[in-house]
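Engineer: Provided below are the primary sequence and the corresponding predicted coordinates.
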Amino acid sequence: MRLDIITLFPEIFNFIKNIGVVGRAYKNKKWELNTWNPRDFTNNKTRRVDDNPYGGGPGMVMSAESLENTVSFIKHEHMLSGFNDIPVILLSPIGDVFDQDRAIRLSKTSGAILVCGRYEGVDKRFVNRCVTHEISIGDFILSGGEIAALALIDAVVRLLPNVLGNDRSKACESFSIYKSGLLDDHPYTKPRNFKEEIVPEVLLNGNHSDIRKWNREKSLMITFMRRPDLIIKARNNGFLTEDDELFISLLKNNSNDTT
């Protein structure tokens with residue numbers, strides 16, 4: 001996988017190549033990272049990439065010309081390397097919310113161009129002409145798209161084949177299709193007794209059927225309490241069993257009894 005990042009601050013992306021499973025995958029050539037500064041693709045002597053917004057308003061806007069020149073150069077490199085139809089993703093607060101499904105789909109492609117906006121945003125004409133997808137990582141505002149791009153990179157790269165030490169980890173995580181898009185509660189490790197709080201006995205008895213049932217109920221419980229919208233999504237997608245629905249009914253009854 002090849003990821004190309006358009007950013008005014010390429011140094012932000014240095015650390016991700018050296019840390020954790022994503023850094024190890026980079027060193028093992030599971031993915032490639034290139035950063036491009038749009039200042040290097042301007043047609044003015046001062047390398048200026050922004051200007052005042054038409055119609056007034058605070059802040060500055062990144063120019064369409066510098067960004068389109070950068071994308072065009074990257075696409076030419078892609079063509080020479082045999083990469084085609086690479087998506088151009090703008091990290092934007094008005095984009096579609098990034099989730100595990102999108103991470104999985106992107107991990108199955110040959111890569112993407114990620115555009116990190118700054119200031120008050122980017123010229124809409126660049127979006128119209130070059131951007132294929134707009135993605136947001138949540139309902140909040142960042143100073144630029146770099147942190148969002150780092151989050152996307154981490155989420156996608158760890159899904160690449162043979163990146164995680166145990167590929168079963170991907171199947172057992174929150175939001176995975178094997179978890180029906182539900183959340184995982186926090187796990188336990190040694191010691192069994194930590195300051196008088198003891199690991200639940202069901203996790204110690206070696207009965208894998210009981211453990212699976214306990215884990216499923218804990219997953220349903222924490223999702224019901226913290227992200228009930230995911231319960232609805234799992235139900236609509238046909239991921240809930242009759243036992244799941246019975247347990248959710250018990251949770252609802254208990255919730256009503258305490259309100």
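Structural biologist: Sure, I can see it. It should be emphasised that the depicted structure is a prediction, and the values quoted were computed from it without experimental measurement.
Engineer: Quick check: pLDDT value at the residue sitting nearest the centre point of the chain.
Structural biologist: For the chain, the residue whose C-alpha lies nearest the mean C-alpha position (Cα atoms, centre = their mean) is residue 152; its distance is 3.8 Å. At residue 152, the predicted lDDT confidence score is 98.
Engineer: before we move on, what about residue 174?
Structural biologist: As summarised for this prediction, residue 174 has a pLDDT of 53.
Engineer: Looks to me like the residue nearest to the centre of the chain is in a helix.
Structural biologist: Yes. With DSSP: H, G, I helix; E, B strand; the rest coil as the criterion, residue 152 is assigned to a helix.
Engineer: Now do the contacts for it.
Structural biologist: Residues in contact with residue 152, defined by Cβ atoms under 8 Å, 6 or more residues apart in numbering, are 89, 91, 98, 103, 106, 114, 135, 137. Backbone N, C-alpha and C define where each C-beta goes, glycine included.
Engineer: quick one: the first one and residue 162, what's the gap?
Structural biologist: Spelled out, it's residue 89. Per Cβ to Cβ, to the nearest Å, residue 89 is found 25 Å from residue 162.
Engineer: neighbour-wise, which of the two wins?
Structural biologist: With other Cβ atoms under 10 Å as the criterion, residue 89 and residue 162 differ in neighbour count, and residue 89 comes out ahead with 24 against 9.
Engineer: Pull up the pairing partners for the helix or strand the more buried one falls within, direction included.
Structural biologist: Here residue 89 is covered by strand 88-97, with elements defined by DSSP states H and E. When sheet partners are counted by DSSP bridges, strand 88-97 sits next to strand 111-116 (parallel), strand 133-136 (parallel).
Engineer: Now do the helix or strand hosting residue 248: which elements does it pack against?
Structural biologist: With secondary structure defined by DSSP H and E, residue 248 is part of helix 242-257. On a contact count with 3 or more Cβ pairs under 8 Å, 6 or more residues apart in numbering; DSSP states H and E, helix 242-257 meets helix 208-226.
Engineer: Before I go, just wanted to say thanks for your time.
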